[in-house]
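Enquirer: Take this sequence and fold it.
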Amino acid sequence: MNTIRAAAPPDFRGGLAGTAALYAATARLGFRRQFAYPQAAAWGLITNFFFGVLRIAVLLALFGARPQVGGWTAADAVTYVGLTQIFIGAFSLFGWTDFMRAVHRGEVVTDLLRPTSLLPFWAAQDAGRAAGQFVLRGLPMLALFVLVWEARWPAQPLPTLLSVLLAWACGFAFRFLVNCAAFWSPDAVGIGRFAWAVQGLGCGFLMPLAFFPAWVGSALAWTPFPAMLNTVVTLWLGQKTGAAAWAALAGQLGWTLVLFALCALALARGLRRLEVAGG
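Expert: The predicted structure is shown next:
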């Protein structure tokens with residue numbers, strides 16, 4: 001006579017540990033992938049530095065003989081340019097279409113077969129990519145700006161570091177949300193191009209937000225875009241300190257959570273209508 005035994009309850013601690021290890025391995029692979037083409041990274045660094053020189057020349061010409069513009073000094077402007085060039089690769093400020101390509105090519109089905117949730121998997125992968133880009137291009141760029149133009153070091157190391165991490169997370173959530181348009185549109189790349197242009201303007205990459213009219217800054221404060229770069233700049237330069245700095249971090253965290261919730265919603269609805277090879 002066969003005896004039916006109740007299944008043992010799952011070991012949630014082991015499961016969580018295993019899942020965390022899997023995401024860590026995914027991030028590690030994303031990091032290592034950035035070192036596959038060191039020459040491309042070197043040329044990217046040279047290109048970023050060249051355009052950084054041009055941007056510094058334009059901003060310093062704006063200052064002329066004036067000691068400040070919009071409450072910024074020339075040294076602040078130089079450091080701002082350095083920061084924007086440092087985080088171009090890590091924050092994918094020129095756009096990111098990896099997930100929409102995976103959807104259009106049907107490769108997302110492979111991701112769905114993995115023993116992971118789709119959104120955390122792509123987040124872990126992008127975290128590794130961002131870290132690799134920062135090591136390959138960000139740190140050398142920071143060293144160049146410090147040596148050549150005496151760019152400033154962060155006035156508040158811990159809040160600035162937290163702000164950098166939140167800026168990446170917020171930016172990733174926005175990029176992933178835009179990429180989810182691939183579930184509904186065969187031309188999601190066009191939607192992405194418009195989104196990256198808006199992001200570049202709203203996050204303060206194209207020009208410091210302090211240089212815009214006050215009403216523009218007030219309007220952008222109601223959007224998540226400043227949390228993707230401008231908050232890092234203000235904390236790095238020491239323009240917000242103490243309680244104001246922690247309030248800025250709270251704002252970044254809030255927008256990050258909102259955007260990740262929207263990503264989860266868009267992903268769930270998009271997967272319901274996903275068709276691959278007519279299936």
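
Enquirer: can we go C-alpha only for contacts and neighbour counts from here?
Expert: Fine.

Enquirer: what residue ranges in the chain score low on pLDDT?
Expert: Of all residues in the chain, those with pLDDT under 70 make up the ranges 1-15, 275-279.

Enquirer: which residues touch stretch 27-45?
Expert: Residues from elsewhere that reach stretch 27-45 (C-alpha atoms under 8 Å, 6 or more residues apart in numbering): 124-133, 136-137, 140-141.

Enquirer: which of these are buried?
Expert: 124-133, 136-137, 140-141 (16 or more other C-alpha atoms under 10 Å).

Enquirer: So which of these belong to strands?
Expert: Among the buried ones among the contacts of stretch 27-45, none falls in strands (DSSP state E).

Enquirer: ranges for the helices of the stretch 101-250 of the chain?
Expert: Taking DSSP state H, counting those that start in this stretch as the criterion, the stretch 101-250 of the chain contains helices spanning 108-112, 118-133, 139-149, 157-179, 188-202, 214-220, 230-236, 242-272.

Enquirer: of all those, which gets the most neighbours per residue?
Expert: Sort the helices of the stretch 101-250 of the chain by mean neighbour count, taking mean count of other C-alpha atoms under 10 Å, and helix 230-236 sits at the top with a mean of 25.

Enquirer: what about residue 274, how many neighbours?
Expert: 17 (other C-alpha atoms under 10 Å).

Enquirer: and it, helix, strand or coil?
Expert: Under DSSP: H, G, I helix; E, B strand; the rest coil, residue 274 falls in the coil class.

Enquirer: ok, now how distant is it from residue 122?
Expert: To residue 122, residue 274 is 18 Å away according to C-alpha to C-alpha, to the nearest Å.

Enquirer: likewise residue 134?
Expert: From residue 134 across to residue 122, the span is 18 Å (C-alpha to C-alpha).

Enquirer: What of residue 273?
Expert: Using C-alpha to C-alpha, residue 273 is found at 20 Å from residue 122.

Enquirer: what do you get for residue 173?
Expert: Taking C-alpha to C-alpha as the measure, residue 173 falls 10 Å from residue 122.

Enquirer: next one: residue 188
Expert: 18 Å.

Enquirer: ditto for residue 129
Expert: Relative to residue 122, and taking C-alpha to C-alpha, residue 129 is found at 10 Å.

Enquirer: Kindly report the same for residue 263.
Expert: With C-alpha to C-alpha as the criterion, residue 263 and residue 122 are 12 Å apart.

Enquirer: and the closest residue to residue 132 other than its chain neighbours, what helix or strand is that in?
Expert: Leaving out its chain neighbours, the residue that sits closest to residue 132 by C-alpha to C-alpha, 6 or more residues apart in numbering is residue 31, at 4.7 Å. Remark: residue 31 resides in helix 12-33, with elements defined by DSSP states H and E.
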